[in-house]
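Kindly generate the corresponding structure for this input.
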Amino acid sequence: MSEILFADDDDALRSMVVDVLTAAGFTVRAARNGNEALAEVRREAPELAILDYRMGTPDGFEVCRQIKTDPGLAWLPVLILTAERSIEDRLGGFGAGADDYLAKPFDPRELVARANALLRQAARGRDRNPTTGLPGGEALYAEVERRRAHGEPFSICYFDLDHFKPFADRFGFAVADAAIREVGAAVAAAAAEGPDNFVGHVGGDDFVLLSPPADARRRAEDARERFAAALATHLPEEAVEAGSYWGRDRYGVERYFPLTRLSAAVLRVDPARWVSLEHLGERVAELKREAKQEGGQGIAEADLI
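Take a look at the predicted model:
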């Protein structure tokens, strides 16, 4: 149940909007002016703030500006309501950081629709990895469940980087961040040439591609090749030519490491044999260990059993 803060100094309008939003299934907290709105937001942030523009001092624009300049609250979506219709007023609202703008009088259905749209947009933003911009774990789980519920066979390709910690220690955070971005770009590019593919960044160097079973291995191999070519552009020429570098392992012992590569576990899933998401994770982890074995090809595949 999403929680919305609504602030307006007009008692009748405040009561009407609270009733509309409550009837639509939201939990609503009401504030009578800008100071109350700021106090409520700082006490416990809602999931959406709806602010009237003209409600005394501070007005809705100033409340929005203070929300958006607070590092702990800047993520909070803000919808401004106003009777002002000039382009200057609209630009003022967006200049204060507002995410959307609704002119009065308004249809209650449009208010509910805009609230839902902002909440969906905010949820997608919170579940995107800041390094790659790709959807995160919650979006992945939802997509797996969607395919399972529709009875669609699919493959899950799980990617991560071999020997990534010593690689990051040796070449530094800038190259390590570039490597993560290149994985995201490589997997996304491999998924782009066809329908019904989903790419997610679970966190760190862990990426997932959901794909039709017939295409999965080819796309996994494509992603690995794209990543290897892109990584070379970020490394010293001698390391690329040697294919290895001198670094320290987790015990502090110096030794040669192969350049980090992208390993892939490809698991074909038949929804008729589904057990649970935890079981799926265990099978992917087993395949990932197989893919990362020394001397192996860096890719392993199997059926979910």
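
contacts and neighbour counts: CA atoms only from here.
Will do.

Could you look up the next helix or strand downstream of the lowest-mean-pLDDT helix or strand in the chain?
Using mean pLDDT, DSSP states H and E, helix 87-95 stands out as the lowest-scoring helix or strand of the chain, at a mean of 60. Sequence order places strand 100-103 as the next helix or strand after helix 87-95, per DSSP states H and E.

name the helices or strands packed onto that following strand?
When contacts are defined as 3 or more C-alpha pairs under 8 Å, 6 or more residues apart in numbering; DSSP states H and E, strand 100-103 sits against strand 78-82, helix 87-95.

switch to 7 Å and redo it
The helices and strands touching strand 100-103, judged by 3 or more C-alpha pairs under 7 Å, 6 or more residues apart in numbering; DSSP states H and E, are strand 78-82.

Direction included, what does the strand it packs on pair up with?
Its sheet considered, strand 78-82 pairs with strand 48-52 (parallel), strand 100-103 (parallel) by DSSP bridges.

Compare the mean pLDDT across those and name the weakest.
When the strands paired with strand 78-82 are compared by mean pLDDT, strand 100-103 comes last with a mean of 87.

can you give me the offset of it from its chain's centre?
26 Å (C-alpha atoms, centre = their mean, to the nearest Å).

do you know how far D162 is from T27?
Distance from D162 to T27, counting by C-alpha to C-alpha, to the nearest Å: 47 Å.

likewise C64?
21 Å.

Between the two, which is the more surrounded one?
C64 (31 against 15; other C-alpha atoms under 10 Å).

residues in contact with that one?
78, 96-98 (C-alpha atoms under 7 Å, 6 or more residues apart in numbering).

List buried residues within these.
78, 96-98 (16 or more other C-alpha atoms under 10 Å).

In this protein, where is pLDDT below threshold?
84-94, 124-126, 193-194, 295 (pLDDT under 70).

Let me see the contact set for the residue most central in space within it.
The centroid of the chain falls nearest to R128 when counting by C-alpha atoms, centre = their mean (1.1 Å). Counting by C-alpha under 7 Å, 6+ apart, R128 makes contact with 134-136.

Secondary structure added to the residues you listed, as CSV?
Shown next, in CSV, are the contacts of R128 (DSSP: H, G, I helix; E, B strand; the rest coil):
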residue, secondary structure
L134, coil
P135, strand
G136, coil
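
what about the closest residue to the residue nearest to the centre of the chain other than its chain neighbours, how many neighbours?
Nearest residue to R128, sequence neighbours excluded (C-alpha to C-alpha, 6 or more residues apart in numbering): P135, at 4.4 Å. The number of residues packed near P135 is 23, by other C-alpha under 10 Å.

which residues does P135 contact?
Counted by C-alpha under 7 Å, 6+ apart, P135 has contacts 127-129, 200-201.

again, only this time at 8 Å
Going by C-alpha atoms under 8 Å, 6 or more residues apart in numbering, P135 touches 124, 127-129, 199-202.

Distance check, it against P213.
Between P135 and P213 the computed distance is 21 Å (C-alpha to C-alpha).

try L235
34 Å.

Go through stretch 4-18 and flag the buried ones.
4-9, 14, 17-18.

all helices for the stretch 201-305 of the chain, in order.
213-232, 237-242, 277-291 (DSSP state H, counting those that start in this stretch).

roughly how far is the second one from the heart of the chain?
Spelled out, it's helix 237-242. Centre to centre, stretch against its chain (C-alpha atoms, centre = their mean), the figure for helix 237-242 is 34 Å.

Could you do the longest one as well?
Taking C-alpha atoms, centre = their mean, one finds helix 213-232 lying 22 Å from the centre of the chain it belongs to.

in it, what counts as buried?
213, 216-217, 219-224, 226-228, 230-232.

Quickly list the domain ranges of the chain.
Listed domain ranges for the chain are 3-126, 137-303 (source: automatic domain parsing).

got the end-to-end distance for the longest one?
In other words, domain 137-303. End to end - C-alpha to C-alpha - domain 137-303 spans 22 Å.

same deal with stretch 23-38?
End-to-end for stretch 23-38, by C-alpha to C-alpha: 25 Å.

mind starting the numbering at 16 from now?
In the new numbering, first residue 16, that becomes stretch 38-53.

Name the surrounding residues that touch that stretch.
By C-alpha under 8 Å, 6+ apart, stretch 38-53 touches 16-26, 29, 33, 36-37, 55, 70-75, 78, 82, 127.

ok, and for it, which residues are buried?
Buried-residue list, stretch 38-53, by 16+ other C-alpha under 10 Å: 41, 43-53.

Widest-spaced pair of those residues?
Largest separation among the buried residues of stretch 38-53 by C-alpha to C-alpha: F41 and N50, giving 22.8 Å.
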